[in-house]
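Could you look at this predicted model? Sequence included:
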There are 2 protein chains.
Amino acid sequence: MQIAPPDFDRMFGALADHTRRDIVRRAIDSEEGVAELASHYPMSFAAVQKHIAILERAGLVTKHRIGRRKVVRTNVETLRVARRLLDQYEVLWRGRIDRMTQLVTENARERDQ
Amino acid sequence: MQIAPPDFDRMFGALADHTRRDIVRRAIDSEEGVAELASHYPMSFAAVQKHIAILERAGLVTKHRIGRRKVVRTNVETLRVARRLLDQYEVLWRGRIDRMTQLVTENARERDQ
DNA sequence: CATTAATACAACCGTATGGTTGTATTAATG
DNA sequence: CATTAATACAACCATACGGTTGTATTAATG
């Protein structure tokens, strides 16, 4: 089995919901089961369960059985993958800036010589 | 008029589509109008127009009239806002790690003394 | 100033999303 | 091993999304 290529549609789609972002935040440093997580939100247990399923498909969280609960843990590596994509845009932006200043410098040299 | 608070639902929602991410990428260092952008994708002009509208509502691009075209430009600052949110998760994660190593160290000291 | 290139908008269609309630499965534990 | 706490799944509903085609508006330019 190959490792799955990053699915940015799913990643960003999963992050595009306030409840899901809050679950990701909580699951970074707590060890809560599905029911415990659900208790924090003004919606049904099943709704939270679905949100967790979406986060799971996106690779943002994993579930691990502990006792009779299934504990939800955030997969920080996937968050980093998303962050790196945003970094790429920043790199492109810097490249553009560099090319612009390059041009200005060349023009100044031409003008001054 | 107040400056709008960041709408992460819209931001990440806008980024959750391959075509839209590609538009963001292109609009970082090109100066293309809506029609020129549309020519790159295997879909109708109107579809691309809608994608751009979604990016615009999310604050990820802006449109500026140049001659008879309306040029689309990426708003890098909004990308940075999104990135900073992901950074926040990383900070939480580090905090957790720190607390864990803290605990281990304390236990070791107790055991050793 | 009439033409037309460029963009905007409206209506429609199929499918996905976010929510609900109800039922089924699972596996720790008394 | 029967109970039941915990989770999973199915069916349903309203609304949003991604796409289409067609029509309307706008404003630069010959």
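Alright, I've got the coordinates. Residues are numbered from 1 along each chain as shown, chains lettered A, B, ... in the order given.

Spatially central residue for chain A, please.
Nearest to the mean C-alpha position of chain A, by C-alpha atoms, centre = their mean, lies A:L79 at 3.9 Å.

Enumerate every residue touching it.
Contact analysis of A:L79 by C-beta atoms under 8 Å, 6 or more residues apart in numbering or on different chains lists A:V24, A:L60, B:L86, B:Y89, B:E90. Backbone N, C-alpha and C define where each C-beta goes, glycine included.

Going by distance to DNA strand D, which of those residues wins?
A:L60 (15.1 Å; C-beta to the nearest atom of the strand).

Was I right to think the closest one contacts A:G13?
No. At 10.4 Å, A:L60 does not count as touching A:G13 under the criterion of C-beta atoms under 8 Å.

neighbour-wise, which of those two wins?
More crowded of A:L60 and A:G13, by other C-beta atoms under 10 Å in any protein chain shown: A:L60, with 27 against 19.

Which pLDDT value does the model give the more buried one?
Looking at A:L60, its pLDDT is 97.

What backbone torsions are found at it?
Note on A:L60: its backbone torsions stand at phi -90, psi -20 [degrees, to the nearest 10].

quick one: contacts for it?
Per C-beta under 8 Å, 6+ apart, neighbours of A:L60: A:M11, A:A14, A:L15, A:V24, A:T74, A:N75, A:T78, A:L79.

From B:R21, how far out is A:A35?
36 Å (C-beta to C-beta, to the nearest Å).

buried set for stretch A:28-43?
By 16 or more other C-beta atoms under 10 Å in any protein chain shown, the buried positions in stretch A:28-43 come out as A:I28, A:E32, A:G33, A:V34, A:L37, A:A38.

before we move on, back to that, select, from the contacts of A:L79, the two members most distant in space.
Greatest spatial distance among these (C-beta to C-beta): A:L60 and B:E90, at 13.6 Å.
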